[in-house]
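Visitor: Provided below for reference: sequence and predicted model.
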Amino acid sequence: MELSENNSPEDLKSTPLKAAHEALGGRMVPFAGYFMPVQYPSGILTEHTHTRKKCGLFDVSHMGQAWLKGPDHETTAKALEALVPADIQSLEPGQQRYSQLLNDNGGIIDDLMVSRSAYPATEGWLYVVVNASRKDTDFAYLKKNLPTNVTVESLPQWALLALQGPCAEAVLQSIVPGIDSLKFMQGAPFEFMGVVIYATRSGYTGEDGFEISVPNEQAQALWSAILAHEDVLPIGLGARDSLRLEAGLSLYGHELDETVSPVEASLLWSIPKHRREQGGFPGSTRIQREITDGPARKIVGVKPEGRAPAREGTIIMANGQGVGIITSGGFGPTASGPVALGFVPPALAKPGQALELMVRGKALPAQVVKLPFIQKSFKK
Amino acid sequence: MSTIKYSKEHEWIRVEGDVATVGITQHAAEQLGDLVFVELPAVGKTVKPGDEAAVVESVKAASEVYAPLSGEIVEVNSALEGEPGKVNEAPEGDGWFVKMKLSSPSELDGLMDETAYKAFVEEQG
């Protein structure tokens, strides 16, 4: 067999936690221009199940963080609403929402989290977190398309940690008192070692948890303080992917790209009724048409019936005809079997629909299932 | 008396008489990470070096295991289909893949002994 050895090109960037990952025995690989741990010695299966049963600590400092700074909330929110289909104006201080940056054809430039700042002194600021692989594109797009009174300030001097799983609240509360007051999709500033950190109750695993923005200088100390807790294991990108896949969450470059609309990506839930009707965001004509007439393709959960995983790129068949493609596929440790996401025509998108997956020349039975593959548990 | 040989594709081959037991090395198992699926060939299949003899899948990716020698598959380790994790626990023991009856035993001369394989892994490292 071929074992791909990932040597580190000189031009890869590192997060402030690289030394910590290496000391923990993390297997470092290139990812989105960064040198990141794909797994630690405990292995992806253990890391995955530990996150669902206790909690896991992730370094996601490679993601793009930025402030969008305008004179007041209404101005900044309206300016961003011209680029995303979510309701940004109605965000309360500290509240967070998921949305997508759209191009003029309604294709997804990136998906992102948008929070209204909870600092009273920063009225008019929105905090955004975007994908590592897209941050340069996103920030350039935002700078070009936001009005001159709303500026984009990227935050490379801030690291980002995620603590995810049922024990996350108790662990973090012991280090950052008061953090238990946050509800799902809320954020607020807290204090750690005399500096301000910014935590939101959100994540990418389907579990309760937090993402914590911390200055690079304090990142190592916060990482170590969290990891010192017996319920916490460090988690690499491998388990991050299997956790998000079981939770039915899209990944840019797989389910999402510049040709895919939010309707096709089954993200219509993130577009409120008044924005669907009024439009006023890039590609709204296409998105309104797809809402009325149905999209050409739609992301669904696909459960192979046997044990063989169906990987990205696997052709989906129905009644002997190619009808779609797997966009992400692998093994779900908590689902105890293979799980996948893929595009099918809307007529074949109902749960229970029988499909076949072409894996190594064989047609393997599968069916469309409701997402997620696991029970989500958020603190509402 | 058995001989253990190693391939550049990270398989170990234990030869007893004209039957070879084939598995993947500890190094390969560590590099692949936790296996979640193993597909084994049909008993009776004839293979030559470089043919696909099995497929292993970790959480992240699928990899082929190539036949290191020519011959006929005479037995497969069916236990791996239900418990692929055996490969990670004991890759050079209970985690064996197939037994094959060799048709060209002289091909063994092209494989590495343990010392040469260790040096090969270090060099790749």
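Guide: Thanks, I have the structure now. The shown structure was predicted, so the numbers you read here are calculated from the model rather than taken from an experiment. Numbering: from 1, shown residues only, chains lettered A, B, ... in the order given.

Visitor: what does chain B put close to chain A?
Guide: B:9-11, B:24, B:27-28, B:31-34, B:36-37, B:39, B:55-66, B:81, B:85, B:88, B:124-125 (Cβ under 8 Å from any Cβ of the partner chain). Bear in mind the C-beta positions are built from the backbone N, C-alpha and C, glycine included.

Visitor: try 7 Å
Guide: B:9-10, B:24, B:28, B:31, B:33-34, B:36-37, B:39, B:55, B:57, B:59-60, B:62-66, B:124 (Cβ under 7 Å from any Cβ of the partner chain).

Visitor: Which of those fall within strands?
Guide: B:24, B:36-37, B:39, B:55, B:57, B:62-66 (DSSP state E).

Visitor: Weed out the non-buried ones from those.
Guide: B:24, B:36-37, B:39, B:55, B:57, B:62-66 (16 or more other Cβ atoms under 10 Å in any protein chain shown).

Visitor: where's the most centrally placed residue in chain B relative to residue B:38, distance?
Guide: Geometric centre of chain B, nearest residue: residue B:23, 2.8 Å, by Cα atoms, centre = their mean. Separation of residue B:23 from residue B:38 (Cβ to Cβ, to the nearest Å): 11 Å.

Visitor: now do residue A:50
Guide: With Cβ to Cβ as the criterion, residue A:50 and residue B:38 are 24 Å apart.

Visitor: out of those two, which sits in the busier spot?
Guide: Taking other Cβ atoms under 10 Å in any protein chain shown, residue A:50 and residue B:38 do not tie; residue B:38 has more neighbours (26 against 20).

Visitor: Can you read off the pLDDT for the more buried one?
Guide: Looking at residue B:38, its pLDDT is 97.

Visitor: likewise the one 5 residues further on?
Guide: Note on residue B:43: pLDDT of 97.

Visitor: Apart from its chain neighbours, what residue comes closest to it?
Guide: Once flanking residues are discounted, residue B:43 sits nearest to residue B:73: 5.5 Å by Cβ to Cβ, 6 or more residues apart in numbering or on different chains.

Visitor: how many neighbours does that neighbour have?
Guide: Neighbour number of residue B:73 under other Cβ under 10 Å is 22.

Visitor: try residue B:59
Guide: Using other Cβ under 10 Å: residue B:59 sits among 26 other residues.

Visitor: Which residues are in contact with the nearest residue to it once chain neighbours are set aside?
Guide: Spatial nearest neighbour of residue B:59, excluding adjacent residues (Cβ to Cβ, 6+ apart): residue A:44 at 4.3 Å. Residue A:44 makes contact with A:238-239, A:242, B:33-34, B:59-60 under the criterion Cβ atoms under 7 Å, 6 or more residues apart in numbering or on different chains.

Visitor: from these, which two are the most distant?
Guide: Spanning the widest gap among the contacts of residue A:44 are A:242 and B:33, at 11.2 Å by Cβ to Cβ.

Visitor: got any residues that touch both of the two?
Guide: A:44, B:59.

Visitor: Would you check that residue B:10 makes contact with residue B:30?
Guide: No. When contacts are counted by Cβ atoms under 7 Å, residue B:10 is not listed as touching residue B:30 (10.3 Å).

Visitor: between those two, which one's more packed in?
Guide: Shown here are residue B:10 and residue B:30; by other Cβ under 10 Å, residue B:10 has more neighbours (27 against 14).

Visitor: mind checking pLDDT for residue B:1?
Guide: 54.

Visitor: Scan chain A for its longest strand.
Guide: In chain A, taking DSSP E as the definition, the longest strand is strand A:321-332.

Visitor: Give the buried residues for it.
Guide: A:323-324, A:326-332.

Visitor: try stretch A:182-199
Guide: Neighbour-count burial for stretch A:182-199 [16+ other Cβ under 10 Å]: A:182, A:185-188, A:190, A:192, A:197-199.

Visitor: Just these: which are in strands?
Guide: Those of the buried residues of stretch A:182-199 lying in strands (DSSP E): A:187-188, A:190, A:192, A:197-199.

Visitor: Closest one of those residues to chain B?
Guide: Sorting these by distance to chain B puts residue A:199 at the head of the list, at 28.9 Å, by Cβ to the nearest Cβ.

Visitor: Chain neighbours aside, what residue packs nearest to the closest one?
Guide: Residue nearest to residue A:199 in three dimensions, not counting chain neighbours: residue A:212, with 4.6 Å by Cβ to Cβ, 6+ apart.

Visitor: Do a quick rundown of the helices in the chain.
Guide: Unless you meant another one, I'm taking chain A. Assigned by DSSP state H, chain A shows helices spanning A:18-23, A:44-53, A:73-81, A:135-145, A:168-173, A:216-227, A:237-246, A:273-278, A:284-293.

Visitor: wrong one, chain B
Guide: B:26-32, B:79-82, B:86-89, B:114-124.
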